[in-house]
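K.L.:
Next one to model:
(one chain, ligands or ions: 1)
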Amino acid sequence: MNQICERIRAMHGRIQTAAERFGRRPEDIRLLAVSKTHPAATVAAALACGQQAFGENYASELTEKAHALEGRDVTWHFIGPIQGNKTRAVAEIAHWVHAVDRERIARRLSDQRPEALPPLQVCIQVNVSGEASKSGITAAALPALAETVATLPHLQLRGLMAIPAPSEDFDTQRRAFARLRQAREDLIRRGHGLDTLSMGMSDDLEAAIAEGATLVRVGTAIFGSRSG
Ligand SMILES: *Cc1c(COP(=O)(O)O)cnc(C)c1O
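P.N.:
Model prediction:
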């Protein structure tokens, strides 16, 4: 078995252990393999091990790899910050987008989503770390953006995403993820049907699973460290 397959298998084991520890069902936690900066051949190697969902941060890389792997059964998640001038590639290629945090970007993505494709599956990025974090919408502004996304014709609101400020302390990690869980519960009370909490990376996925993550985004622990 190659190293990528071994690491993916180990990651499923880690997810399962955390799920059992916190009373979750492992099958409720999906693994997104974050392939940013790694070539299409590496994505192909992970596909051959049964991994199907991949995360990319840069529109140019998404375009290049989706082209190289055209016809393969890949679900592409765009997880990076979305620049206004890069929405078209994301709208045309991605199945999911995780970092929507402004109305203008949401509208562009909906306008540019090709009619022939299913709606783009959207997570709104929420700032759960206050001033320690630059990206994501505040919890206070979230309901209005959720309302907008929910009404746009070519977007489907699926959930929330967060990248907390890094911390090595488990309880600190957990508190940040708990804020995202609470934000989702609040939107559900307002009538939104959100099934996704995109939270947890290589170094903090146990804390995310403890707080209800349904999708963990893992790069380094699968593909090794990124050069550049
Ligand atoms: C790079 C990245 C990840 C993966 O981080 P690792 O620490 O390598 O697992 C997850 N989410 C986002 C948004 C990223 O940019």
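K.L.:
pLDDT score assigned to the spatially closest residue to Gly80 that is not a sequence neighbour?
P.N.:
Closest residue in space to Gly80, ignoring its immediate chain neighbours: Asn57 at 3.1 Å, by C-beta to C-beta, 6 or more residues apart in numbering. (Glycine included, C-beta is placed from N, CA and C.) Looking at Asn57, its pLDDT reads 97.
K.L.:
what about the helices in this protein?
P.N.:
Counting by DSSP state H, the chain has helices at residues 3-21, 40-48, 59-68, 87-93, 103-112, 142-151, 170-189, 205-210, 220-223.
K.L.:
Let me know which of these is tucked in deepest.
P.N.:
Each of these was scored by mean neighbour count; the highest is helix 205-210, a mean of 24, by mean count of other C-beta atoms under 10 Å.
K.L.:
Residues contacting that helix, please?
P.N.:
By C-beta atoms under 8 Å, 6 or more residues apart in numbering, the list of residues contacting helix 205-210 from outside reads 14-15, 18-19, 21-22, 24, 29, 170, 173-174, 177, 197, 199-200, 213, 216, 218.
K.L.:
just the residues you listed that are near the ligand?
P.N.:
Val218 (C-beta under 6 Å from any ligand atom).
K.L.:
any idea how far the residue nearest to Gly80 lies from the ligand?
P.N.:
Going from Asn57 to the ligand by C-beta to the nearest ligand atom, to the nearest Å gives 5 Å.
K.L.:
Double-check that residue against Ile82; I have them as touching.
P.N.:
No. Using C-beta atoms under 8 Å, Asn57 and Ile82 do not qualify as a contacting pair, with a distance of 10.0 Å.
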